[in-house]
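**Q** Build me a structure from this.
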Amino acid sequence: MDALNDEEVLFVGTADAEHVEMYLKAIWHIKERGGEVKISTIAKMLNVRQPSVVQMLKKLNRQNLVTYNKAGVKLTEDGEKIGASMMRNSRLLEVLMDSALKVAIDEEMVCGIEHHMNKQFTDALCTMLKHPRKCPHDHDIPMGECCQVN
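**A** A predicted model of the protein is given here:
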């Protein structure tokens, strides 16, 4: 038997894509809580410096994921979808850890996994968990297509 066939395949994600997703998730989360989406709020939430936030917002604006100008920061439709998807992933993982696996919620682990979940996996996880509407922190979990079937 070929030794290569027995080996696990390792995957290296792009840090850049994960950074984009974290910014969109942070903006989505701030908006969800009714807060004003300010550079200082994003910087504090992500533990980065404000100039880094400005640089990323300009990039996200060029990618049409946010509208960033003097009036402030607003998610575009595409940015909203990605932000909600990231929040859905992380909150479903929290439910998995807390309710199904009965382990302490590890936010660092959640953050590491959420970027690698595709729609099929997320919907299967949601279905397995019986479509929870709230995470253990009592925040709403954005619904997926799988939730609308029930």
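**Q** and the residue nearest to C146 when sequence neighbours are not counted, what is it in contact with?
**A** Excluding the flanking residues, the one nearest C146 by CB to CB, 6 or more residues apart in numbering is D123, at 4.0 Å. In this view, the C-beta of every residue, glycine as well, is placed from N, C-alpha and C. Going by CB atoms under 8 Å, 6 or more residues apart in numbering, D123 touches 144-146.
**Q** could you redo the last one with a cut-off of 10 Å?
**A** Neighbouring residues of D123 by CB atoms under 10 Å, 6 or more residues apart in numbering: 88, 92, 117, 131, 144-147, 149.
**Q** residue ranges of the helices in the protein, please?
**A** Ranges of helices within the chain are 3-6, 15-32, 39-46, 50-62, 77-95, 107-114, 119-128, 145-149, based on DSSP state H.
**Q** So for H137, which of those helices sits nearest?
**A** Closest to H137 of the helices of the chain, according to CB to CB: helix 77-95, at 7.1 Å.
**Q** Against which helices or strands is the closest one packed?
**A** Contacts defined by 3 or more CB pairs under 10 Å, 6 or more residues apart in numbering; DSSP states H and E place helix 77-95 against helix 15-32, helix 50-62, strand 66-69, strand 72-75, helix 107-114, helix 119-128.
**Q** isn't V103 right next to L93, touching?
**A** No - shown here, V103 and L93 do not form a contact pair, counting by CB atoms under 10 Å, at 11.2 Å.
**Q** center of this structure - which residue?
**A** By CA atoms, centre = their mean, the mean C-alpha position of the chain lies nearest to M86, the distance being 2.0 Å.
**Q** quick one: it and A26 touch, right?
**A** Yes - taking contacts as CB under 10 Å, M86 lies within contact range of A26: 9.2 Å.
**Q** S90: what's it in contact with?
**A** 25, 29, 105, 107, 110-111, 113-115, 117, 135, 139, 141.
**Q** Could you rerun that using 6 Å?
**A** Counting by CB atoms under 6 Å, 6 or more residues apart in numbering, S90 touches 110, 114.
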